[in-house]
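Participant: I'd like to go over a predicted model; first the sequence, then the structure.
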Amino acid sequence: MKKVGVFVCHCGTNISQTVNCEHLAEVAKDMPGVVFSTEYKYMCSDPGQTMIKKAIEEHNLDRVVVAACSPRMHEATFRKCLSGTDLNPYLLEIANIREQCSWVHSDKNKATAKAEDLISMSVAKALKNESLTPSVIPIHKRALVIGGGIAGIQAALDIADTGYQVDLLEREPSIGGKMAQIDKTFPTMDCSACILTPKMVDASQHPNITIIASSEVEKVEGYVGNFDVTIRRKATCVDPIKCTGCGLCSQKCPAKTDSEFECGMSKRPAIYSPFPQAIPNIPIIDQTACRYFQTGKCKICQRICTADAINFEDQDELVTIRYGAIVVATGYALYDHRDKYGEYGYGQYTDVITGLDFERLVNASGPTMGKIKRPSDGQEPKTVVFIKCVGSRDATKGHEYCSRACCMYTAKHATMVRDKIKDSQAIVFYMDIRTPGKNYEEFYLRAVEEYGVTYVRGRVSRIYMENGKLIIQGEDTILGTQVIVEADMVVLATAMEAQPDATEFARKLGITFDQNNFFNEAHPKLRPVETFAAGIYLAGACQGPKDIPDTVAQAGAAAAKVVALLSKDEMTTEPIIADVNINRCSGCGFCVPVCPYKAISLKTLTERVHGSVAWGPTGREVTRQVAEVNKGLCQGCGACTVNCRASALDLLGFTNEQILAEVDAL
Amino acid sequence: MNENIIQVPDKSGISKIMREIAGDLLRQQTISLVIGWEKGILPNKSAPAFITQSQDAEKLIFDEYCYHNLTKYLLQRKGSGLKTAIFVKGCDSRSLVGLIQDNQIAREDICIIGISCPGLMEERNIVIPAKKCEICYTSVPVEYDFLIDCPETKTANDEPGGSYAHRELPRVENMTLDQRNIYWQKMFENCIRCYACRNTCPVCSCKECCFDQANPTWLGKGNSTSDNGFYHLVRAMHVAGRCVGCGECERVCPMNLPVMLLNNKLSLSIEELFDEPPASLSLDVTATLNHFKPDDPEEFM
Amino acid sequence: MTNQPLADNPNTSGQEWDPKILVFACQYCTYAGADLAGLSRLQYPTTTRVIRVPCSGRTNPQFVIRAFQKGFDGVLVAGCHPGDCHFATGNYFTRRRYLLMTRLMEFVGMDPRRFRVCWISGSEGPKFQQVVTELTDAIRPLGPNQKLRDIEPSVIGGISR
């Protein structure tokens, strides 16, 4: 026989002024299962809690109902009180007679009657409560950072500095990401390489960081604290241990192809490092360009390599490594205007370039050695037109969102044109100027006032060629006139967008993405670097467009979360989680797609059947699938329980029986 | 789906091809059981047939009284790895797809012999077409390994919900709330809760039905109108987005209750609300309640 | 206890009839909204009994039918606004399921004024007050619910209809 104790709190006069607490304590005695009830002025106070503990001991109570304020207020307090006794803290129920009764009603009779019902419901539920124990999962103290751009590098450094091992995974041959391609950074005009490359070197020399380049995530299994990540190391045909990075092979390689790093504006050999400061500085063979792989003859690199590092037989390798936490820092892609913006020539004009192309054009180590020359004929452009919001803030052709960095880098580009080219003109077509950052507005004003950049508010409707000039036709919405500009070069501020494989990647990890395929944070304000998958964090533009300062800040935040997790040897998880009754489970798997945390999977059982299988032999084993809940991943929402027709899944702490008892109590 | 389509000159030729295919399959010994139909004791009732020997394949027939949906028999061999061949009409094939989607049978364990269905006759009144044929979406099976194609194939009803639903649904929908209440109250009163509708339903594939459970007790053991109402409403919700409209529930009801109507109502609501095709027309679709769209209709602001 | 007509409650006899309304409130939004109504001392009728669930997605339609069986005169299922679910997607499934459920209930003759689904966030204390008040006012003229109810009509003869 279960023994329930009911404790009615007056909360000073907060409850007792509209609810007759003495009466409640009296009628509670007659409720089924109740063996003791009392009331007190402040149940949450020390004397109140002592009273509960004493009553548990004296009356051998095995369930406790506290009628007081909202469980959101003091459930934790009273659970703690119970854990100081022989009772399991989850044998407690709270009847909310303050926020949802005394404070919202004035008729004392009616409020007391309602409070009585609320207590009955809590008692009925408490009778069905069971002891619950948190489960403990070990934390593997190693982190994986996916993506070696500035976000990933920063996160890896911050984690490594606290003493934990980090693997930094990069699919390209070198870390550095987009920032390595950028020339200068706004608003300070620091040289991008000057601030990035030291960090790259730090990462490569850090004793706690292992850089895994030319590699991608193949598969992620497991859960917080225990992710088993299978990594595909792509065949590079160069042994990273033997290679000294002398670069002779690249010099002698006869095959040439467009350099991705230089945005196709110069050539690179088939065996290459993407840029001189690459880390790791080990070249790889691009099999699509390599003469040996294409024709079966050449092998010059192998012949001249003194370290014997070239291996044409190299194959992709899969390795599985366990991590406690994962930082996703996979960055962004640039919107391709060529197939959408017919009015900008669908990419047929070589002198209509993107912002990133421009970065390479002004970079001292770029294809033009820092001289701004237009791609078509190498002439110095005198008039350069910049068009902003190409693919951003344009729901019909591109994306509805603002890419956040374009206003600033366009101001930077225009400044550089005015600075580097004598008698030049820089004209910016814009929709709005957005400069919400420290010293950003000042930077923009400097572009206008000191450098004399012309800003025209309006969209460009068409670009066409006439007499070897690009004619830009647009409107000035401030003056309300048509504008026609003859220009030598046009730079498009194309939108930042999610990586093309973002959704596929998200599914691999079990994280969610938004309507633009950027990865979802767990809460837009309060959990900005967490994902819904415990133990997986976000850094940088994979979560949404952002500039370098914001990216670095977010990377640091993600690192702090990782370190907080790894600093524990094990973590306890809430015991309010889904539970499978495998005897009832038919393995239909309807619970699997409704779980937001991918916490449910199907496992196969083998059973002996009694007698024979219908129209079959006797003594045969049959297999069947049943649901299995991962205690580390389940967050206890209960969505699966409703989609389970057979009630094979139940939510501990809010079981079907408990809720039905509450419904039936009145 | 492969190209094993066998044309027959008319529907009287279906039985012969069935016997040939079944005999061949059993002789090859990869398949240990063929489920089809045989002549019943009464002329208007054909019975399920379970053939394990190739010589017994001669028993198989197809006529306008083969209304049994045989697919649920497959559950009795679930997980055994034994291969079964099964004959399906268009409507039956959808429940087969449903069972595969519900992870109850493995596609590779079954050989589906489809019959493009020339239509059935009503069981209790053999001169009118069967009610289940009036809500037919597809007389040609949606999934098969062999197809016996017959020129008299009954044209599938393209109207959403079919004519039966079109006739009966609006009639009930146009009643006042109280009239509707009385209509259903009468049904719930007359229901003897024999569970025949559940037992025959091919998408009711749970290992242990919630109505049979003691913990929690969803349903009392006695026969109360209120509990009967609970039973029918909950069953309708459980098959929502999964019901294939095979009409077996209503056919087997000993009290002649309009059991199918609740399911039709929800099937139509699903089409209207979520713009989703009827359940289990192909293996690639997800059940309605297993997914959502952020821009589903919003009525709860 | 279950079969006692609710109108016989001594505290309400002789006064205007009060319906009993069961509320399923998700603990992150609606339950918090109801608490906020309390903190703000917003007054509403004493008709509601709240059952706290972790997410509106935990509210099985079977609980709702059971509530009507056991004599509740109205049921409110409430959770976070779509897009705000603490568990990311729970309320989207709730919305789908209950779009069907409301149609089914109406189809079998349940007055739609007795059964409501509503999104009430943790900051919408006033909305909780408003919804509960509206629901009470809508149900009061309908009288006690008989439909699906688990008592034979003769037993509830004393209730004015």
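Facilitator: Perfect, I can see it now.
Participant: tell me who's in contact with the residue of chain B found nearest chain C.
Facilitator: As assessed by Cβ to the nearest Cβ, chain C sits closest to B:Asn181 within chain B, at 2.7 Å. Glycine gets a C-beta too; all of them are placed from N, C-alpha and C. Neighbouring residues of B:Asn181 by Cβ atoms under 8 Å, 6 or more residues apart in numbering or on different chains: C:108-110, C:147.
Participant: mind doing that once more with 10 Å?
Facilitator: Shown in contact with B:Asn181 (Cβ atoms under 10 Å, 6 or more residues apart in numbering or on different chains): B:175, C:108-111, C:146-148.
Participant: of these, which are in range of chain A?
Facilitator: Counting by Cβ under 10 Å from any Cβ of the partner chain, nothing from the contacts of B:Asn181 sits close to chain A.
Participant: filter these down to the buried ones, PyMOL style.
Facilitator: To isolate the buried ones among the contacts of B:Asn181 in PyMOL, judged by 16 or more other Cβ atoms under 10 Å in any protein chain shown, type:
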select buried, chain C and resi 108+109+110+111+146+147+148
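Participant: pick the one among the contacts of B:Asn181 closest to A:Ala405.
Facilitator: Of all those, A:Ala405 sits closest to C:Met110, with 55.3 Å by Cβ to Cβ.
Participant: tell me the contacts of the closest one?
Facilitator: Residues in contact with C:Met110 (Cβ under 10 Å, 6+ apart) are B:177, B:180-181, B:184, B:229, B:233, C:64-65, C:68, C:75, C:102, C:104, C:145, C:147-148.
Participant: do you know how far B:Gly23 is from B:Thr52?
Facilitator: Using Cβ to Cβ, to the nearest Å, B:Gly23 is found at 12 Å from B:Thr52.
Participant: common neighbours of those two, please.
Facilitator: Common neighbours of B:Gly23 and B:Thr52 (criterion: Cβ under 10 Å, 6+ apart): B:Val34.
Participant: of these two, which one has the most company?
Facilitator: B:Gly23 (19 against 13; other Cβ atoms under 10 Å in any protein chain shown).
Participant: so the nearest residue to the more buried one once chain neighbours are set aside: helix, strand or coil?
Facilitator: Closest residue in space to B:Gly23, ignoring its immediate chain neighbours: B:Ala57 at 4.0 Å, by Cβ to Cβ, 6 or more residues apart in numbering or on different chains. Recorded secondary structure, B:Ala57: helix (DSSP: H, G, I helix; E, B strand; the rest coil).
Participant: pull the number of nearby residues for B:Ala57.
Facilitator: Other residues lying near B:Ala57 total 22 when counted by other Cβ under 10 Å.
Participant: show the pLDDT at it.
Facilitator: Predicted confidence (pLDDT) at B:Ala57: the value is 94.
Participant: now do the same contact list for it.
Facilitator: B:18-27, B:34, B:36, B:49, B:51.
Participant: now do A:Pro47
Facilitator: A:40-41.
Participant: quick one: it from A:Cys81, how far?
Facilitator: Distance from A:Pro47 to A:Cys81, by Cβ to Cβ: 12 Å.
Participant: how about A:Arg459?
Facilitator: 66 Å.
Participant: one more: B:Cys249?
Facilitator: The gap separating B:Cys249 from A:Cys81 is 53 Å, by Cβ to Cβ.
Participant: mind listing which of the contacts of C:Met110 are in strands?
Facilitator: Among the contacts of C:Met110, the members found in strands (DSSP state E) are C:Val75.
Participant: all set now, cheers.
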